[in-house]
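S.K.: What follows is a protein structure lacking sequence information:
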């Protein structure tokens, strides 16, 4: 009887753990926000970047881990970190600030609160070039 109760408790505990782990997945926005923070901390830009838009989220779940492939845009802010890690969520965007198109791959495994990044790759989005309007030459009559 005691052995049966222990087996039932073990099964219930495993099922509870599986439900907690599956319900604690990150959203694409949360992964992108963490990636922007990682980018700001690793590159130490003169003005930190803030998430502008999440464009693509792909999620794969295999056994005890969830893999995220997230594409997003971030833009330069007017905050100056002075080498101090800061929360940029309230920083206004620079009017003509640099925009970056980024892709990140992250894995959540083991602990539901642990997110490990394999890559955060960004490149500057070229601003549209405004060409001057050339006056049309008229031929004299």
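M.R.: Here it is on my side, so go on. Predicted model, so just to flag it, every value in this text is computed and none were measured.
S.K.: shouldn't residue 93 be in contact with residue 78?
M.R.: Yes - between residue 93 and residue 78 there is a contact at 7.2 Å, judged by Cβ atoms under 8 Å. All C-beta spots, glycine's among them, are computed from the backbone N, C-alpha and C.
S.K.: what residues are shared contacts of those two?
M.R.: Shared contacts of residue 93 and residue 78 (Cβ atoms under 8 Å, 6 or more residues apart in numbering): none.
S.K.: so where do the helices sit in this protein?
M.R.: 2-23, 28-43 (DSSP state H).
S.K.: ranking those by mean pLDDT, which is last?
M.R.: Lowest mean pLDDT within these: helix 2-23, at a mean of 41.
S.K.: Count the residues that sit near residue 115.
M.R.: 18 (other Cβ atoms under 10 Å).
S.K.: show me what contacts it?
M.R.: 26, 31, 34, 106, 107, 108.
S.K.: Look up the pLDDT of it for me, please.
M.R.: 87.
S.K.: Just the buried positions in stretch 102-112, please.
M.R.: 102, 103, 104, 105, 106, 107, 108, 112 (16 or more other Cβ atoms under 10 Å).
S.K.: Strands - which of these land there?
M.R.: Mapping those onto strands (DSSP state E) picks out 102, 103, 104, 105, 106, 107, 108.
S.K.: So what pairs up with the nearest residue to the second one once chain neighbours are set aside in the strands?
M.R.: Once flanking residues are discounted, residue 103 sits nearest to residue 71: 5.0 Å by Cβ to Cβ, 6 or more residues apart in numbering. Per DSSP bridges, the residues bridged to residue 71 are residue 56, residue 103.
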